[in-house]
Every structure is written in structure tokens, then in C-alpha cells.
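Please find the sequence and the predicted model below.
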Amino acid sequence: MGHTGFFHLHLVSDATGETLITVARAAAAQYADVSPVEHLYPMVRSKKQLDRVLAEIAESPGIVLYTLLEEDLIQILEEKCRELGLPCMSVLGPILRLFQSYLGTETIHRAGAQHVLNAEYFQRIEALNFAMMHDDGQHVEGLEEADVVLVGVSRTSKTPTSIYLANRGVKAGNVPLVPGVPLAPQVEQLTRPLVVGLYASPERIVQIRENRLLGLKAHRDDDQYIDKAAVAEEIAFSRRLCAKHNWPVIDVTRRSIEETAAAIMRLLAERRRAPAT
């Protein structure tokens with residue numbers, strides 16, 4: 001491909017393409033010097049649709065990954081890639097063969113089988129609705145129904161973490177800790193949910209807040225919002241509050257949303273396994 005700094009990455013799916021995107025980005029992230037130009041082709045289920053995809057692949061040669069299940073389409077795609085001299089690989093193929101060898105049974109060959117409208121799907125929708133309704137300290141009276149409640153100062157990624165958890169079927173609410181504003185007593189009295197405190201270094205919080213103000217082209221008369229000493233006191237207060245209630249805390253300074261959510265889900269699983277007292 002040469003040292004161009006980028007490469008074309010073609011993702012061909014007979015469903016939504018979410019699996020391909022996740023796997024491809026996880027692999028591409030290991031290469032710091034080059035960036036993928038993604039070409040996503042979802043819902044490819046006919047030869048006519050595949051022909052259009054092949055024309056685009058020929059126009060912008062690169063790596064081809066696919067999650068097709070129809071053997072005829074797979075054969076056409078792989079033959080064309082061989083003609084073009086392009087690497088082409090099924091993301092699910094090796095995994096399906098492993099499952100088949102262990103389970104001793106064939107697959108159902110149903111495209112998008114993971115997206116069926118089952119109980120788990122509706123659980124995720126309910127959790128997402130809950131997260132939106134109980135975002136940023138709204139409707140604290142309903143937080144007792146949550147699985148997880150996140151508390152922390154501004155810019156500790158409470159909202160995106162709540163939404164990510166919801167996509168895993170976890171009902172999460174979040175409550176901001178604001179200087180000079182007492183925490184709602186309903187939050188301190190919670191018994192059913194796992195309450196988790198999120199915090200970050202003062203430097204990180206200040207950086208995020210400054211970037212947010214710049215992005216919004218906003219001005220605050222009160223510079224305490226981005227004053228390092230004031231922010232450090234906010235964080236110290238949040239940690240004292242969590243210690244007072246024996247709430248676990250997570251440092252999100254260098255964590256991604258996914259890593260924070262994984263840590264929370266691990267805490268939740270441990271709590272559910274613990275014997276009742």
C-alpha cells in the first residue's frame with residue numbers, strides 16, 4: 001500500500017455491520033502510523049447489491065472484511081478479491097467453524113441473528129429509557145429502581161457511561177456533585193442500586209471543562225469551574241462523600257467509557273454474587 005498514512009478498509013455485511021466495525025476498529029487501533037478509511041456496506045444480501053460493492057472495492061483497493069453467510073456471495077466476493085490481489089477475510093468464519101467442531105451441529109445461516117427482538121433486546125430499550133429519564137440528577141425519586149447510580153463532579157463521563165451501560169441492559173442513573181448544592185437525600189438513602197463514584201485528576205477535569213467552554217463559545221463569570229485548586233476541592237469532596245457511604249470509586253482519568261463500564265459491571269456482578277447479609 002505504500003506509506004500514505006491511510007488505507008482503505010472495506011466492511012461487507014449482510015446485517016448492520018456492527019460486528020465488523022467493532023473488530024476492524026479494534027485491529028486498526030494497534031497501528032498508530034496509519035488510519036483506515038472505512039467503507040461500510042450493510043445489508044448486502046443479493047448479487048446485485050454485491051456487484052455495487054465490488055465496483056467500489058476495485059475503485060479504492062484495500063483490506064476486505066466480511067460477515068456474509070450466503071456461500072454464493074462469499075465465493076463471488078473472494079474470487080473478485082483474488083483477481084484484484086486484495087486480502088479478504090471472513091470475521092465470523094473461523095469462529096463459526098470452531099463452534100461447529102465443538103458443538104457438532106450446523107449454523108442456522110440467519111443474517112443478523114443477534115438482532116432478534118427478544119427479551120434481552122427489550123431489556124436494553126427499557127434500560128436506555130431509564131438512563132435518559134434519570135440523567136444528570138433528574139427524577140431522583142425513581143433511582144431506587146436503578147441497577148447502578150453514578151455520582152461525580154462535572155465532566156467525569158457520567159452520562160455516556162450510563163448510556164453505554166444501558167446498551168448492556170443495565171439500568172443506570174447519574175447524579176452530579178455540584179459545589180454548594182447539597183446532594184439529594186434520596187441518593188444518600190439508596191439501598192438497592194450499586195452507587196459508584198467517578199473521579200479524575202484535577203488537571204484532566206480542567207482540560208475537559210476548558211475544551212467544552214471553547215466548543216460552546218461560552219463564558220463563565222465564575223472562574224471556579226476551571227480553577228485547578230477549586231476543582232481539586234470538588235474532587236476531594238466527592239471522594240469524602242463516597243468514603244462516608246462506602247461507595248466504590250473509579251478513577252476515569254485515563255479510562256475509556258468502555259473500560260469504566262466494564263469495571264462497573266464487574267463490581268455489579270461481584271455485588272450480586274455476594275451472600276445477602
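Great, that's in hand. Numbers count the residues shown, from 1 in each chain.

all contacts plus neighbour counts: C-alpha atoms, from now on.
Noted.

So what touches stretch 156-175?
120, 123-128, 130-132, 134-138, 143, 146-152, 198-200, 205, 252, 257-258, 260-261 (Cα atoms under 8 Å, 6 or more residues apart in numbering).

from the residues you listed, which ones fall inside strands?
V148, V149, L150, V151, G152, L198, Y199 (DSSP state E).

mind listing which of the contacts of stretch 156-175 are in helices?
120, 123-128, 130-132, 205, 257-258, 260-261 (DSSP state H).

Distance from the helix or strand bottoming out on mean pLDDT in the chain to the middle of the chain?
None of the helices or strands of the chain scores lower by mean pLDDT, DSSP states H and E than helix 93-103, at a mean of 87. Offset of helix 93-103 from its chain centre (Cα atoms, centre = their mean, to the nearest Å): 27 Å.

Repeat that for stretch 91-106.
27 Å.

in that stretch, what's buried?
V91, L92 (16 or more other Cα atoms under 10 Å).

List of residues touching it?
L20, V23, L65, Y66, T67, T107.

Restricted to helices, list these.
Short answer: the contacts of stretch 91-106 in helices (DSSP H) are L20, V23.

Please tabulate the contacts of stretch 91-106 in a markdown table, including the columns neighbour count, distance to L9 and pLDDT.
As requested, the contacts of stretch 91-106 are exported to a markdown table (neighbours: other Cα atoms under 10 Å; distance: Cα to Cα, whole Å; pLDDT from 0 to 100):
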| residue | neighbour count | distance to L9 | pLDDT |
| --- | --- | --- | --- |
| L20 | 23 | 11 | 92 |
| V23 | 12 | 12 | 93 |
| L65 | 22 | 8 | 97 |
| Y66 | 25 | 11 | 97 |
| T67 | 24 | 14 | 93 |
| T107 | 11 | 27 | 68 |
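
quick one: which of the contacts of stretch 91-106 is nearest P193?
Distance to P193 across the contacts of stretch 91-106 (Cα to Cα) is lowest for V23, with 32.7 Å.

Report the contact partners of that closest one.
Residues in contact with V23 (Cα under 8 Å, 6+ apart) are V91.

starting at the chain centroid, how far to the host helix or strand of R239?
Following DSSP states H and E, one finds R239 within helix 228-245. Offset of helix 228-245 from its chain centre (Cα atoms, centre = their mean): 27 Å.

for that helix, packing partners?
Contacts defined by 3 or more Cα pairs under 8 Å, 6 or more residues apart in numbering; DSSP states H and E place helix 228-245 against strand 194-199, helix 202-216.

what's in contact with that helix?
With contact meaning Cα under 8 Å, 6+ apart, helix 228-245 is reached by 152-153, 177-179, 188, 196-197, 199-203, 205-206, 224-225, 248-249.

Mind checking which of those residues are buried?
By 16+ other Cα under 10 Å, these give 152-153, 177, 179, 196-197, 199-203, 205-206, 225, 249 as buried.

now, which of those residues sits nearest D72?
V196 (50.7 Å).

where's the closest one relative to L92, distance?
36 Å (Cα to Cα, to the nearest Å).
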